Each structure stands twice: as C-alpha cells, then as structure tokens.
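Enquirer: sequence and predicted model, in that order:
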Amino acid sequence: MSTAATTEVEHHADVHEEEDNSLWSWLTTVDHKRIGKLYMFSALIFFAMGGLEALFIRVQLMYPEQSEFISAQTYNEMFTMHATTMVFLAIMPLSAAFFNFLIPLQIGARDVAFPRMNALSYWLFLFGGIFLNVPIFLKLLGVVGVTPDGGWFGYANMTLSKYSPGMSIDFWILGLAILGNSSMMAGFNFITTILNLRAPGMTLFRMPIFTWMSLVVQFLIVMSFPMVTVGLLLMLFDRSFGTNFYFPPNGGDPLLWQHLFWLFGHPEVYILILPAMGIVSEVLPVFARKPLFGAPFVIFSGIMIGFVGFGVWSHHMFTTGLGPVADAAFSTTTMLIAVPTAVKIFNWIATMWGGKISFTLPNVYAITFVFLFTIGGLSGVMHASPPVDLQQQDSYFIVAHFHYVLVGGALMGLFSGITFYWPKMYGRKLPDGLGWIAWALFFAGINVTFFPMHFLGAMGMIRRSWQYPAGVGLEGYNLMATVGAFLIATGFAFFFVNLIRGLLGAGEKVGDDPWDAATLEWSMASPPPHYNFRKLPVVHSDRPLWDEKHEGGSPVSQAVIGKDAPAHVEMPPPSYWPLLLALFQGGFFAAFLIGGGGGKFDASAFGTQVMVQLVMGLGMLFTMFAWIREDARPR
C-alpha cells in the first residue's frame, strides 16, 4: 500500500457536461453506461411480462380441478414463456446491465474493448426478446398455435414437428438463437475488456469481486452457449429438413438433446447467480465498514464454481436411467460444487460478523440474498443423491428450490445492486419510502409463495400440470402460493414506480461517494462523464479509494489526479450501424418462419423465404462493410 499523502477531494465541477438525450442519441449510442441503462430497463419490462405470466399460472392453480380460468394449452404456453422470459430476458440482461455499467468503471477503463459490438449485442437482445413475445400478441389477436409451449427446456422429441406442428417451437428456437448470438458477442467483449483495459497497477487480484465474478460468467457464456446453439440447430433441422437427430423411430436419440441442453443449462444457473454474488460481495463490506473476509477465497470459489459447473449437468437427468456409474460420478461432482458455494456464504457472514452494520436498503437486499439463497442451496444439495432426486425431480419441491435460488437469490442480489449503484447512475439515492415497502412485499411474497411448495412436493404434487386433484390436502398450500405471487407482483410494482420517481428527480441528491465505498467507480462524478476517467488512475491496492480517503494512499479520485489531465478526452463516436446490423440479422432469422414452420415444406413460400433471406443477408454484408469502413476512431 502506498503511503503518499492525499489532498482533500474536490468537487467535480467540470465534468457534468451537457448530454444529448434525444431519441437518436440513444439509438446510436456506444457508451457502455447508456447501454447498461438500456439493458436494465428492458430487463425490468420483460420481468414484468414474465411475472404476469406467472400470475396466470398461480391463479389457475389456486383451486383444485379448475378448468374455467385458462386451458391446458394456454397453461403450457404460460409456463414455457414465463421461464424463458425470466431466464433469458430478465435476470440475464439485468446482470448484463451491471456488466456494462460497472466493469469499465471498476477497472479504470474509459469504455469496453469493442463499443460498437457492445451496442450490437444489446440491439440483438432487444430484437430477440420482442421476437420471442410476438406469439403472445398474435394469440391475443386470435392466432392460435404460434406461442411456444414445450417448456423452457424444450425436451425432444415432444418439440419435434410430429408432436408440435406449427410455428410455436420455431419461434422459440430462432428467438433463443438470436439471444445466444447477443450473449456470445458480449462475452468475448467483456473478456477482452477485463484482460486488456485495466488501469495501471490494476492486477487481477486487485480487481473488485464483482469484476472477477463477471469474468467467470463471460467464460461460462462463451463455453456453454455453443452447446445449446448446436442443439437448437439440430432441432431446427429435424423440424424443417427431415433429419432425425432426436427422433427414435429413425435412429435418433432424444437424450442427445438433454445432454446438449443441460451442458448449457447448468452453467446457465451460475451465469444467473454469480453476478448477484459479485454485487453482494461489493455491498456487504461497504455497510459492515470492513474489507470482505477472505477475498481470495471468494475469488477462487467463484472460479471453482465455474469450472465444476461443467461437470454436474447430468444431475438433471438422474431419472433418465443413465446407469450407476454415471449417477455416482455426477452425484459426486454435485456434492463437490456445494463446497465453494458454502465458502462464499461463510465469507459473507464473517464479513458482517463484528462489523458496524448499517441497515440501508441496498444492504438489507444483500442480507436477504444471503438468507434466501442459503435456503435454496440447502434444498438443492440433497438432490445430489440420485434416490432423493428420483422421488422429487418431477415435484414442486424442485420448483421451490430453483425459485429460492433465482428469485430469492439472483433477483434480490440484483435489486441490491440497483439500489446501491443508482446514486452513481443518476446522482440521487432512490426514495426510501416506497423502497422499503417494495422490499417487505418481496421478502414476504417470496417466502409465502415458494416455501409451501416444499410441502407440496413432499406430498406428491407434480409440476408442469395445469390441475391437481381435490381432497388430498394440496388446496391450502396452493392458495398460499398464489397469494404470495400477488405480493411479489405488488412489490415489483412499488419497486418499478420508485425507479420512475427516481428518474423524475425524486430522492436525495448526493455526492460522488455517498456510501463511503472503497473501489474506483466511486472516485468519479455521479453520474460519470462520458469518458469516465479524464486521467487514468494508478492503482496500488484492492481498495484504492478507501486507501486514499482513510489510509493516506495514492490519490485515485478524479478531482485530485485530474488537475493536470487533458481538457478533452477522445471517445468513440455514435454509430447507427449496430442497430441496422441487428435488424438485418434478426430479419434473416425471422425469415425461416415464412411458410408456416413446423416441418411443413411449402414450395410456394420457399422462394419467398429464400428471397427475403437473400435480401437480409446482403443487408448484413453491406452493413458489415460499412461498419468496417466507418471512421470509429476516438474523437
């Protein structure tokens, strides 16, 4: 640690430059902070849509043998779209919002490595999300048979054209392909950014924990998404071109799909939870007024989770009859992965132990994450035992487990991040009144909804069923779960209204470092200027801002080190080519639906499909050529 004296931190009076907030500026932005905000609000809107679908499910299950509310077909569509939306369109992009906004700020960079590709990634995500939800709006207009209904897992061979004719599964396949393309671009971009654009002195083990967890997530993305992409392509070939990869009568194997899907699907769980773990690892030390206990162990446990996460996929397949050798192997790895997860939990508890804890809203969300995620972990580790899993795999016990992990865990951690970093994004804290009401409703709703599902599962209630029998003791717990779902929905309504109030200027105006934090992102103006750092800081520890303020360390605050910095900082200019390329690429994928999909070859429509895809392909080539020719040098 440096012992150089630091001068009093001055105000950033010169960095709040006039910002263009026109619609065109947002459509053409390549600024990582703006793209992060676009991800955040897009994800929250999709979260509201996924939550509405969940309410349809819960109202249907509120009473036994109910058939008046929604049909079995609509129920299949709702639970398919609910899970797909929450996983791919809500929690993942909400994590991406923090990747975009925070990573360059935390590592002392002015932007990501490839700003235009970053914008392209967002527009592809938005197009993919809209594309996936088009069938729901078509259903509202009376078009049936187009809404995906095969579950978010899309198990073959029920998703093949023989059992799922029409365009429903085709929408799902093509939508996920677009979203996977977006995620892969972002993954390579952030890996390059973290490994190559760190500030002078920012060694890997001086990086904040959130950036470390984000780096692990990017490797998980670029290694797991190709597997599900291959699986989706094979399914598209089976449906559209008559191949037989998954069709048993002609020599195919539906278990091939399960292997390809869960080789992606279980790393996907850690793609969803590790960003929240990183945020909580940033929030808890700030409000405990002490460093994160055992930070290197937290880092290595995250790396181990990412590594072992690729060796546990078949615990989702214990019921498929893999045999005792495979069951024993995957049972062992599933037990093993619980160890680094437990390490993190104990480190968070040790960080709070003996600290001067401030029960602010961000900290309470973080503590809630630790509590609820622990419940989800305890209800999950028992399924490392194949005999236990055989009994509970298709029951509501599993539903309770993964909702405690993803709603009680990932979502609470991400909401902690929103309330914690809102002052950095907008220069104001979120209003506390509605914020506390939202948290209370979330906490009550999550437990009232999902805790009774443990009992429902133990009593034998199967999941993925639109009805259940009367007179067997399931009615009360289902009614409780439905009431809890409405509490969660009300909590989200309060949370979202609070964000809108914050955007409109409500909330206490604060300085650049309202929480007295330790890392680089708090060393600049709030909100940060377009260029982030007028002069790049030199880092001498893993808590550089804390050292400057409290330990006499080398200055990293921009108001101090920026005195001799250049008056103008060159940054990449806006570009509309990412938006155009996303539209052409999305149109190319969408053209596969011309002719109706579902394995029905329509000769009259095939020529139209080829022509549309040719136009879209030429549009992509022209756009990429223009992209290359564009003068994107900093200016």
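Expert: Good, I have the coordinates. Numbering: from 1, shown residues only.
Enquirer: can you tell me the closest non-neighbouring residue to residue 451?
Expert: Leaving aside its chain neighbours, residue 451 sits nearest to residue 400 (7.0 Å; criterion: CB to CB, 6 or more residues apart in numbering). C-beta coordinates here come from the backbone N, C-alpha and C atoms, glycine included.
Enquirer: residue 333 against residue 311, yeah?
Expert: Yes - in this structure, residue 333 is within contact of residue 311 by CB atoms under 8 Å, at 4.4 Å.
Enquirer: which SS state does the most centrally placed residue in the chain fall under?
Expert: For the chain, residue 92 is the residue whose C-alpha lies nearest the centre (CA atoms, centre = their mean; 1.5 Å). Here residue 92 is recorded as helix under DSSP: H, G, I helix; E, B strand; the rest coil.
Enquirer: quick check: it vs residue 522, distance?
Expert: Distance, residue 92 to residue 522, using CB to CB, to the nearest Å: 26 Å.
Enquirer: correct me, but the residue nearest to residue 451 touches residue 450?
Expert: Yes - counting by CB under 8 Å, residue 400 touches residue 450, with 4.9 Å between them.
Enquirer: who does the host helix or strand of residue 73 touch, helix- and strand-wise?
Expert: In this assignment (DSSP states H and E), residue 73 forms part of helix 72-84. When contacts are defined as 3 or more CB pairs under 8 Å, 6 or more residues apart in numbering; DSSP states H and E, helix 72-84 packs onto helix 32-60, helix 115-140, helix 168-196.
Enquirer: now with 7 Å?
Expert: helix 32-60 (3 or more CB pairs under 7 Å, 6 or more residues apart in numbering; DSSP states H and E).
Enquirer: and residue 332, how many neighbours?
Expert: Look at residue 332: counted by other CB atoms under 10 Å, it has 12 neighbours.
Enquirer: can you tell me the element it falls in?
Expert: In the assignment (DSSP H and E), residue 332 maps to helix 324-352.
Enquirer: which other helices and strands contact that helix?
Expert: Looks like helix 324-352 contacts helix 254-288, helix 295-308, helix 361-381 (3+ CB pairs under 7 Å, 6+ apart).
Enquirer: the first one: how far from the chain's middle?
Expert: Here the centre of mass of C-alpha atoms in helix 254-288, compared against the chain's by CA atoms, centre = their mean, to the nearest Å, lies 9 Å away.
Enquirer: please apply the same query to stretch 330-339.
Expert: 24 Å.
Enquirer: kindly report the same for stretch 579-589.
Expert: On the basis of CA atoms, centre = their mean, stretch 579-589 sits 23 Å off its chain's mean C-alpha point.
Enquirer: phi first, then psi, for residue 428.
Expert: Here is the backbone geometry of residue 428 (degrees, to the nearest 10): phi -140, psi 150.
Enquirer: so what's it closest to, chain neighbours aside?
Expert: Closest to residue 428 by CB to CB, 6+ apart is residue 507, at 4.1 Å.
Enquirer: what's near enough to touch the residue nearest to residue 451?
Expert: For residue 400, the contacting residues are 379, 450-451, 453-454, 457, by CB atoms under 7 Å, 6 or more residues apart in numbering.
Enquirer: what's the answer for residue 569, then?
Expert: The contact partners of residue 569, taken as CB under 7 Å, 6+ apart, are 531, 534.
Enquirer: okay, it: pLDDT?
Expert: The score at residue 569 is 81. That number is its pLDDT.
Enquirer: mind checking how far it is from residue 116?
Expert: Distance check for residue 569 against residue 116: by CB to CB, it reads 19 Å.
Enquirer: coming back round to it: mind listing what the residue nearest to residue 428 touches?
Expert: The contact partners of residue 507, by CB under 7 Å, 6+ apart, come to 428-431.
Enquirer: one more time with 8 Å, if that's ok
Expert: Counting by CB atoms under 8 Å, 6 or more residues apart in numbering, residue 507 makes contact with 422, 428-431, 501.
Enquirer: now tabulate these in CSV and tack on pLDDT and neighbour count.
Expert: Output for the contacts of residue 507, formatted as CSV (pLDDT from 0 to 100; neighbours: other CB atoms under 10 Å):
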residue, pLDDT, neighbour count
422, 97, 24
428, 96, 19
429, 96, 22
430, 96, 24
431, 95, 17
501, 96, 16
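Enquirer: from these, which is closest to residue 67?
Expert: Distance to residue 67, by CB to CB, is smallest for residue 501 among those, at 41.7 Å.
Enquirer: how about the closest one, nearest residue that isn't a chain neighbour?
Expert: What sits nearest to residue 501 in space, not counting adjacent residues and going by CB to CB, 6+ apart, is residue 431, at 5.9 Å.
Enquirer: just checking, residue 580 is part of a helix?
Expert: Yes - under three-state DSSP, residue 580 sits within a helix.
Enquirer: secondary structure class for the residue nearest to it when sequence neighbours are not counted?
Expert: In space, and not counting its chain neighbours, residue 580 is closest to residue 623: 5.0 Å by CB to CB, 6+ apart. Under three-state DSSP, residue 623 falls in the helix class.
Enquirer: just the helices in the stretch 401-550 of the chain please.
Expert: 412-426, 432-458, 475-503, 544-550 (DSSP state H, counting those that start in this stretch).
Enquirer: do you know the pLDDT at the residue lying closest to residue 44 once chain neighbours are set aside?
Expert: Leaving out its chain neighbours, the residue that sits closest to residue 44 by CB to CB, 6+ apart is residue 496, at 6.3 Å. Residue 496 is assigned a predicted lDDT (pLDDT) of 98.
Enquirer: how many other residues sit next to residue 496?
Expert: Residues within reach of residue 496, counting by other CB under 10 Å, total 17.
Enquirer: also the one 3 residues further on?
Expert: The local packing count at residue 499 equals 22, with neighbours defined by other CB under 10 Å.
Enquirer: sorry, back to before: hey, which of the helices of the stretch 401-550 of the chain is tucked in deepest?
Expert: Of all the helices of the stretch 401-550 of the chain, helix 412-426 carries the top mean neighbour count, a mean of 25, counting by mean count of other CB atoms under 10 Å.
Enquirer: that one to helix 361-381, inter-axis angle?
Expert: 150 degrees (axes from the mean of the first three to the mean of the last three CA atoms, to 10 degrees).
Enquirer: packing partners for helix 412-426?
Expert: Counting contacts by 3+ CB pairs under 8 Å, 6+ apart, helix 412-426 is packed against helix 32-60, helix 92-107, helix 254-288, helix 361-381, helix 432-458, helix 475-503.
Enquirer: before we move on, the earlier item: make JSON lines out of the helices and strands packed on helix 324-352 and add mean neighbour count, mean pLDDT and distance to residue 21.
Expert: JSON lines is the format used below for the helices and strands packed on helix 324-352 (neighbours: other CB atoms under 10 Å; pLDDT from 0 to 100; distance: least, CB to CB, whole Å):
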{"stretch": "helix 254-288", "mean neighbour count": "24", "mean pLDDT": "96", "distance to residue 21": "27"}
{"stretch": "helix 295-308", "mean neighbour count": "18", "mean pLDDT": "96", "distance to residue 21": "37"}
{"stretch": "helix 361-381", "mean neighbour count": "22", "mean pLDDT": "95", "distance to residue 21": "27"}
